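> structure for the following, please:
(one chain, ligands or ions: 2)
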Amino acid sequence: MTKEELLQHAFEAMEHAYVPYSHYRVGACVLLRDGVIVKGANIENASFGLTNCAERSALFAAYSAGYRKQDIKALAIVSEGAYLAAPCGACRQVIVELMEEDTPIYLSNGKEEVSTTIKELLPMSFTEKDVL
Ligand SMILES: O=c1ccn([C@H]2C[C@H](O)[C@@H](CO)O2)c(=O)[nH]1
Ligand SMILES: [Zn+2]
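Ligands and ions are numbered 1, 2, ... in the order given. Below you'll find the predicted structure:
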């Protein structure tokens, strides 16, 4: 599975976004080491704060299917805005808990692409080590 193929799956996931308020669609997909791809889209709510971002939808779906951080090979996140969207703060906090720090995260808006990691997106993070 190439990065471009994975991004294409994320664009397919974006088709299922539920965005009656922002009309801003985001798609994401998690590539697992067994080859399975788990997709997610942003799902909005009239009570705006309850909106679930695409990357959290995809990660929660993967975890709900029994996968864990060591099973995740890559995460792709795509949007259709003029600017390349990076995960919001809430998603970064969820990603740092649910993915390994060096696992690739691919971002695209169909025009620009960036490859990054959660270590780069959320340095000096508050994690399990601080609580346990
Ligand atoms: O990282 C992000 C940031 C925003 N959104 C969604 C939430 C909301 O539905 C819309 C506008 O914020 O974009 C995501 O899915 N992922
Ligand atoms: Zn988010």
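> tally of neighbours for Ile72?
22 (other Cβ atoms under 10 Å). From N, CA and C alone the C-beta is placed, and that goes for glycine too.
> who does it bridge with?
Leu32 (DSSP bridges).
> that one: what's it in contact with?
Val30, Leu31, Leu32, Arg33, Ala62, Leu98, Met99, Glu100, Thr103 (Cβ atoms under 8 Å, 6 or more residues apart in numbering).
> quick one: residues contacting the last one.
Same thing as Thr103. Taking Cβ under 8 Å, 6+ apart, one finds Lys69, Ile72, Lys73, Ala74, Leu75, Thr117, Ile118 in contact with Thr103.
> determine which two of the residues you listed are furthest apart.
Lys73 and Ile118 (14.1 Å; Cβ to Cβ).
> wait, isn't Thr117 in contact with Pro104?
Yes: under the criterion of Cβ atoms under 8 Å, Thr117 makes contact with Pro104 at 6.5 Å.
> residues from the chain in reach of ligand 1?
Contact residues, the chain versus ligand 1 (Cβ under 6 Å from any ligand atom): 19, 22, 24, 26, 42, 44, 51, 53-55, 85, 87-88, 91.
> lowest-confidence one in the residues you listed?
In terms of pLDDT, Ala85 ranks lowest among the residues of the chain next to ligand 1, with 90.
> now that one: closest residue in space that isn't a chain neighbour?
Nearest residue to Ala85, sequence neighbours excluded (Cβ to Cβ, 6 or more residues apart in numbering): Ser79, at 4.3 Å.
> how many residues are close by the one you found?
24.
> circling back: which among the residues of the chain next to ligand 1 count as buried?
Neighbour-count burial (16 or more other Cβ atoms under 10 Å) is assigned, among those, to Val26, Asn42, Glu44, Thr51, Cys53, Ala54, Glu55, Ala85, Pro87, Cys91.
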